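# next come a sequence and a model predicted from it.
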Amino acid sequence: MIRWDKGWRLILRLACALIVTILFVFPVYWLAAISIKTPEEIYAYPPVWIPGQVHFSSYLTLFTDGDAWSVWNSLVTAGISTTLAMVIGTIAAYSIVRFRTGGDHLAIWIISQRMIPPICVAFPIFLLFVSWQMVDTYLGLILLYTAFNVPYVTWMMRGYIQEIPLELEQCALVDGLTRWAVLWKVVMPMARAGLFATAVFTFIFAWNDFLFALILTKSEVVTYTVKVTGYFGSQATFWSKISAMSMLGVLPMIFVVGTMQRFIVRGISLGAVKG
Amino acid sequence: MPDLSLKNINKFYGKVHAVKNISIDVPIGEFVVLVGPSGCGKSTLLRCIAGLEDISDGDIVLGDRSITGLAPRDRNIAMVFQSYALYPYLNVYENIAFGLRARKMPHAEIEKQVNWASELLDISDYLKRYPRELSGGQRQRVAIGRAIVRDADLFLFDEPLSNLDAKLRDGMREEIKRLHGQLGKTFIYVTHDQIEAMTLAERIILLRDGEIEQVGAPLDLFERPDNTFVAGFLGSPPMNFVKVTVSGGTLTLPDGQTMPAEGALKDGTTLKDGEFTWGVRPEHFSQSDQGARTLRANLEVIQPTGSRSYGTFYLAGVHLMAELEARVGEQDTREVTLSVALERTVFFDKATGKAIS
């Protein structure tokens, strides 16, 4: 039997959880609601909390106009740059941790790259990309996002790799693995939780980038963040298109985080060493 | 022909000279224990043999080939680590099969080997479990299984039992010794525990500060230590050291008690006059007033262990311990007469600590 004070504490806890959940979920709900509302409902006052009818017309427009391709562009640039950054950053982190590459301060120096406000380097990078003819190309954006994410990945993975017991790797070396095989068969599975967590954040960074996508794209590889802002006109603002496009941008993120979440569990290394 | 041959091994960590010019020959199938206090270089030496550390100078020969400078995987050595080092994301079967898979052994062969090893170590029932679901002793068995499943030329053990509780340790010790007999391979075993060294070794190599203090069979080291360090390290409770004077065939203890000194040395020669450090193990005392070599002692502390009791007494401020009958001191007779087995005791040079023979 639950005692009364315990019952009240449970109710209080649930109430807090509910408030926090509403706080976080409401904006997403509102976005989704607007994207299926009629224009009258969007501008209605008092606001229409629950749309009367479901209209998919704004989504339909995005696909028939070809604007939805911008989500694909985001997916390609964010996906490939995340993969590249993860590979380069993890190998760099392993090297820093196990071989003391660059001494004690290289890791700090690398992460300091992330301390520069992006806007400070936006102009030089634009000029550089113009001269390399990489403006408005996949390659340009992918390279840029990779460059920005490698320091982050290196820093994060350094922490996760440091937690792996050295003896596990040494045991594998004696058992007949090469260094690369150790990285693949011991370090990767041991740092799996960290690997996924880092990848998710790296992907989010590239996915959400607006500044560089704005200045480095024109028409070919416009990402969805840039596309969305294009619907704010001086004459009219297409709220239904904005919200529909935003939904297209949010859904992959929800999918990514949702599927990755089960990998991001701690405690996987339990029982590796000692008791 | 030696199986493993260490030739003038030196290891520096920066300016620290961790292993100093060590040369050892180990014949095939021998069980060698490297023992010494922490920081004596025993683990470093083992890791040098495994290839986990580079040696600064010297040569390591295994069988008929020099393995100096080879990668660990090319040395065909198996190693058991102190922390077990099991892969937590693999079950017991996969943990044991890990080294075989790394060497691209066919599946059927792997299964045969893993089954053989798991039966030998009595872990067949746990093959599907994960390391986190095993007790400390079971984990240690898996770690040993992973080592023996490979047909390695040499087996290294780096303090494999120090994470186990005392009772489990006794059982595993026995098992490791049995395993050595069954495999017939060369074992190099590192420990800081002198009991493990004494019970397991065919030959003990006692290290201190990166140098070999003494090499020999356990009982030889125990009975004929080269110096006070070896004498004090082996044996529990440890050997008593007393400053004594010998003159004219009489041995004088710190508190003035005397006893005849003839027959003090093992080879029968008489001790020259002078001052010595006298090494007496607790079991060299017995409660008896028979014989000429007796001393009076006032037992201040008595520690019964069940089968025997340890009595502590002082001779002019020098602390000594004697192993006595279990029921000693029960009749308020703390004043006892102890007889000394003088021929079993050891005399050391007072200045150098070297044994006199």
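On my side now, so go ahead.

# can you map out the helices along the stretch 101-250 of chain A?
Ranges of helices in the stretch 101-250 of chain A, per DSSP state H, counting those that start in this stretch, are A:106-112, A:118-131, A:138-162, A:166-175, A:179-182, A:188-190, A:192-208, A:211-216, A:224-230, A:239-260.

# and these: which comes nearest residue B:83?
helix A:166-175 (5.2 Å; CB to CB). Any C-beta I mention is one placed from the backbone N, CA and C, and that applies to glycine too.

# please state the offset of that closest one from the chain centre?
Distance of helix A:166-175 from its chain centroid, counting by CA atoms, centre = their mean, to the nearest Å, is 34 Å.

# how about stretch A:157-174?
The chain centre lies 27 Å from the centre of stretch A:157-174; the measure is CA atoms, centre = their mean.

# could you do stretch A:111-131 as well?
Here the centre of stretch A:111-131 is set off from its chain's centre by 20 Å, with CA atoms, centre = their mean.

# next one: the residue nearest the centre of chain A from residue A:93, what distance?
Residue closest to the mean C-alpha point of chain A, counted by CA atoms, centre = their mean, is residue A:204 at 1.4 Å. Distance of residue A:204 to residue A:93, computed by CB to CB, to the nearest Å: 19 Å.

# likewise residue B:313?
When distance is defined by CB to CB, residue B:313 is 62 Å away from residue A:93.

# more neighbours, these two?
Remark: of residue B:313 and residue A:93, residue A:93 carries more neighbours, 28 against 22, as counted by other CB atoms under 10 Å in any protein chain shown.

# now the more buried one: which helix or strand?
If you go by DSSP states H and E, residue A:93 is part of helix A:69-99.

# tell me which strands and helices that helix is in contact with?
Under the contact criterion of 3 or more CB pairs under 8 Å, 6 or more residues apart in numbering or on different chains; DSSP states H and E, helix A:69-99 touches helix A:106-112, helix A:138-162, helix A:192-208, helix A:224-230, helix A:239-260.

# tell me which of those helices sits nearest to chain B.
helix A:192-208 (7.5 Å; CB to the nearest CB).

# what sits against residue 98?
Going with chain A. Shown in contact with residue A:98 (CB atoms under 8 Å, 6 or more residues apart in numbering or on different chains): A:161, A:169.

# ah, I was thinking of chain B
Contacts for residue B:98 were tallied using CB under 8 Å, 6+ apart; they are A:172, A:175, B:87, B:90, B:146.

# farthest-apart pair in the residues you listed, please.
Within the contacts of residue B:98, A:175 and B:90 form the most distant pair, 12.1 Å apart (CB to CB).

# so between the two, which is more surrounded?
It is residue A:175, of residue A:175 and residue B:90, that has more neighbours when counted by other CB under 10 Å, with 27 against 16.

# so the more buried one sits right up against residue B:99, yeah?
Yes: in this structure residue A:175 lies within contact range of residue B:99 using CB atoms under 8 Å: 3.6 Å.

# intersection of neighbour lists for the two?
B:78, B:146, B:150.

# from those residues, which are also near chain A?
B:78, B:146, B:150 (CB under 8 Å from any CB of the partner chain).

# elements contacting the helix or strand that contains the first one?
When you say that, I think you mean residue B:78. Remark: residue B:78 resides in strand B:77-80, with elements defined by DSSP H and E. When contacts are defined as 3+ CB pairs under 8 Å, 6+ apart, strand B:77-80 packs onto helix A:166-175, helix B:42-50, helix B:136-148, strand B:154-158.

# what residue ranges in the stretch 201-350 of chain B score low on pLDDT?
Scanning the stretch 201-350 of chain B for pLDDT under 70 picks out B:268, B:331-333.

# ranges for the strands of it?
For the stretch 201-350 of chain B, the strands defined by DSSP state E, counting those that start in this stretch cover B:203-208, B:211-216, B:240-247, B:250-252, B:258-260, B:274-280, B:285-287, B:294-298, B:301-304, B:308-315, B:318-325, B:335-340, B:346-349.

# looking at the ones you listed, which is buried most?
Among the strands of the stretch 201-350 of chain B, strand B:203-208 has the highest mean neighbour count (mean count of other CB atoms under 10 Å in any protein chain shown), at a mean of 24.

# quick one: strands adjacent to it?
According to DSSP bridges, strand B:203-208 forms sheet pairs with strand B:31-35 (parallel), strand B:211-216 (antiparallel).

# which one of these lies nearest to residue A:262?
That would be strand B:31-35 among the strands paired with strand B:203-208, by CB to CB, at 46.3 Å.

# for residue B:215, give its distance to residue A:7.
Residue B:215 is 72 Å from residue A:7, by CB to CB.

# and for residue A:158?
Taking CB to CB as the measure, residue A:158 falls 46 Å from residue A:7.

# neighbour-wise, which of these two wins?
With neighbours defined as other CB under 10 Å, residue A:158 and residue A:7 compare such that residue A:158 has more, 22 against 11.

# spatially nearest residue to the more buried one, not counting backbone neighbours?
For residue A:158, ignoring the flanking residues on the chain, the nearest one in space by CB to CB, 6 or more residues apart in numbering or on different chains is residue A:93 at 4.2 Å.
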